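Chemist: I'll drop the sequence and a predicted model, then ask my questions.
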Amino acid sequence: MNPETLLPPVLALLGLALVFGALLGYAATAFKVEGNPLVDQINELLPQTQCGQCGYPGCKPYAQSIAEGGPINKCPPGGAGTIHALAKLLDVEEQALDAEHGKEDIRKVAYIREAECIGCTKCIQACPVDAILGSAKHMHTVIVSECTGCDLCVEPCPVDCIDMIPAKNPLQNWHWQRPAPRPAQMQLIASDWMQGASR
Amino acid sequence: MTDILLLLVGAVLVNNFVLTQFLGLCPFMGVSSKLEPALGMAAATTFVLTLTSFFSYLVYRYLLLPLELTHLRTIAFILVIAGVVNFTEMVMKKTSPVLYKVLGIFLPLITVNCAVLAVALLNSNRANSFVESVFYGFGAAAGFSLVLILFSAMRERLAVGDVPEPFKGPAIAMITAGLMSLAFMGFAGLV
């Protein structure tokens, strides 16, 4: 066989293969996916309390299990809002919260009664988000803006000096505060008297 | 316009790829035991078939024909199909994780679906124009999807039906497919 008849087909197929190879090589770097993007999307919807009430060690592992087709109703801190958002993202049916994992509650933050704290650091080790400040034999305190209200620090405290108190102004149950009722014997200042007199 | 419509009806019903031309039987039998994966397979096949008939037309018309290499079209088309499917999978994984999850394993599996290659080959055999090629590919995929979904819905009912012992499982599925094929033969002469 002479090279003239052999060359065009070889070159054509080689060229085609090169084009597709280059395309795939480009796509492999240009469209590189870091992990499973769906897991990140789900993780963003979870409340990030890292409380472990779902049975997984944190929000990310739970997101992983949802991405693999696990149930979406295991997150009590997120409650119905999170289930709704997850159902919308994954296009699955909404379910009621699985009572086995706890019930929905308002958001709370931990509060350490500092006078009673003995500085044992046990709650610091338990905190999944490093929201407790303190060191051995020194009083501990909670950084309110970091605390997710996961309850995990209550159990290890040997002197039971940690309270879970409702978080101030959590967006889910925030409402206008009513004006304080005017007490009967309120001291009035001079201008009030003046207004009363002119009326 | 009428031509395109006739082409579509011909590809979907009259020359149905599965039941009349007996192409793509492996996914037809393999993925039809439940409705949900069948829907995924149907969607993925439609997507890939339309796209590959588009690209294989370009390769055939602007590479193989000018160089008089039409005898190499089979290997060239396989190259195109594999490349396009892989590329699509990568892009989809990045841009639409949900769709990627729905289509899942079916997307790469379609690479070896003979219906895809058949559409490319038939397009070149029939000397379809560019628009015709794309619509022929889409029609073939729509026909494949139609019978796959119908068949999987039937098999879901058959699974709980009172089927005689020797006919249970694949046997009754084969018989059902045969009957469906007979029914689709009835469309012959429609176009």
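Modeler: Structure received.
Chemist: what is the burial count for residue 154?
Modeler: No chain was given, so I picked chain A. For A:Val154, the number of neighbouring residues by other Cβ atoms under 10 Å in any protein chain shown comes to 15. Yep, even glycine has a C-beta here, placed from its N, CA and C like the rest.
Chemist: that's the other chain; I wanted chain B
Modeler: 19.
Chemist: so it sits against B:Thr176, correct?
Modeler: Yes: contact status for B:Met154 versus B:Thr176: in contact at 5.8 Å, counting by Cβ atoms under 8 Å.
Chemist: helices and strands around the longest helix along chain A, which ones?
Modeler: Longest helix in chain A by number of residues (criterion: DSSP state H): helix A:3-30. Secondary-structure packing of helix A:3-30 (3 or more Cβ pairs under 8 Å, 6 or more residues apart in numbering or on different chains; DSSP states H and E): helix B:73-95.
Chemist: relative to helix A:3-30, how tilted is the helix it packs on?
Modeler: Relative orientation of helix B:73-95 versus helix A:3-30 (axes from the mean of the first three to the mean of the last three Cα atoms, to 10 degrees): 10 degrees.
Chemist: which strands or helices does helix B:73-95 pack on?
Modeler: For helix B:73-95, the packing partners by 3+ Cβ pairs under 8 Å, 6+ apart come out as helix A:3-30, helix B:35-59, helix B:97-103, helix B:106-109, helix B:114-125.
Chemist: comparing those helices by mean pLDDT, which bottoms out?
Modeler: Note on the helices and strands packed on helix B:73-95: lowest mean pLDDT is at helix B:97-103, with a mean of 73.
Chemist: tell me which residues of it are tucked away?
Modeler: Across helix B:97-103, burial judged by 16 or more other Cβ atoms under 10 Å in any protein chain shown covers B:97, B:100-103.
Chemist: element containing A:Val109?
Modeler: Here A:Val109 sits within strand A:108-112, counting by DSSP states H and E.
Chemist: which other helices and strands does that strand contact?
Modeler: Checking 3+ Cβ pairs under 8 Å, 6+ apart, strand A:108-112 ends up next to strand A:141-142, strand A:162-166.
Chemist: gap between that strand and the chain center?
Modeler: Its chain's C-alpha centre lies 17 Å from the corresponding centre of strand A:108-112 when counted by Cα atoms, centre = their mean, to the nearest Å.
Chemist: returning to that earlier point: now the helices and strands packed on helix B:73-95 in TSV, with distance to B:Leu146?
Modeler: TSV is the format used below for those (distance: least, Cβ to Cβ, whole Å):
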stretch	distance to B:Leu146
helix A:3-30	31
helix B:35-59	8
helix B:97-103	18
helix B:106-109	17
helix B:114-125	13
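Chemist: excluding its backbone neighbours, what's nearest the residue of chain A found nearest chain B?
Modeler: As assessed by Cβ to the nearest Cβ, chain B sits closest to A:Phe20 within chain A, at 3.4 Å. Counting by Cβ to Cβ, 6 or more residues apart in numbering or on different chains, the nearest residue to A:Phe20 once its immediate chain neighbours are dropped is B:Gly83, at 3.4 Å.
Chemist: distance of that neighbour from B:Leu35?
Modeler: As judged by Cβ to Cβ, to the nearest Å, B:Gly83 and B:Leu35 stand 31 Å apart.
Chemist: and the residue nearest to A:Phe20, how many neighbours?
Modeler: 21.
Chemist: which neighbours do B:Met154 and B:Thr176 share?
Modeler: Here B:Met154 and B:Thr176 share no contacting residue, scored by Cβ atoms under 8 Å, 6 or more residues apart in numbering or on different chains.
Chemist: ok, the most centrally placed residue in chain A - contacts?
Modeler: In chain A, the C-alpha nearest the mean C-alpha coordinate belongs to A:Gln48, at 2.1 Å (Cα atoms, centre = their mean). For A:Gln48, the contacting residues are A:59, A:129, A:148, by Cβ under 8 Å, 6+ apart.
Chemist: the same query, at a cut-off of 6 Å, please.
Modeler: A:Cys59 (Cβ atoms under 6 Å, 6 or more residues apart in numbering or on different chains).
Chemist: could you verify that it is part of a strand?
Modeler: No: under the criterion used here (DSSP: H, G, I helix; E, B strand; the rest coil), A:Gln48 is coil, not part of a strand.
Chemist: let me see the backbone angles for it.
Modeler: With angles defined as degrees, to the nearest 10, A:Gln48 sits at phi 60, psi 40.
Chemist: one more: the one 5 residues further on?
Modeler: Taking degrees, to the nearest 10, you get phi -70, psi -20 for the backbone angles of A:Gln53.
Chemist: what number of residues lie near it?
Modeler: 18.
Chemist: hang on, the earlier thing: confidence score at the residue nearest to the centre of chain A?
Modeler: Note for A:Gln48: predicted pLDDT of 82.
Chemist: tell me the two of the buried residues of helix B:97-103 that are most distant?
Modeler: The distance between the two most remote of the buried residues of helix B:97-103 (Cβ to Cβ) is 11.0 Å, for B:Pro97 and B:Leu103.
Chemist: dump the C-alpha coordinates for stretch A:85-93 into CSV.
Modeler: Only the C-alpha atoms of stretch A:85-93 are listed here, as CSV (Å, rounded to 0.1, in the frame of the first residue of the first chain):
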residue,chain,number,x,y,z
ALA,A,85,-35.3,24.3,51.6
LEU,A,86,-33.8,20.9,51.1
ALA,A,87,-36.9,19.5,49.5
LYS,A,88,-36.8,22.4,47.1
LEU,A,89,-33.2,22.0,46.2
LEU,A,90,-33.4,18.2,45.8
ASP,A,91,-36.8,18.2,44.2
VAL,A,92,-38.1,15.6,46.7
GLU,A,93,-41.2,15.5,48.8
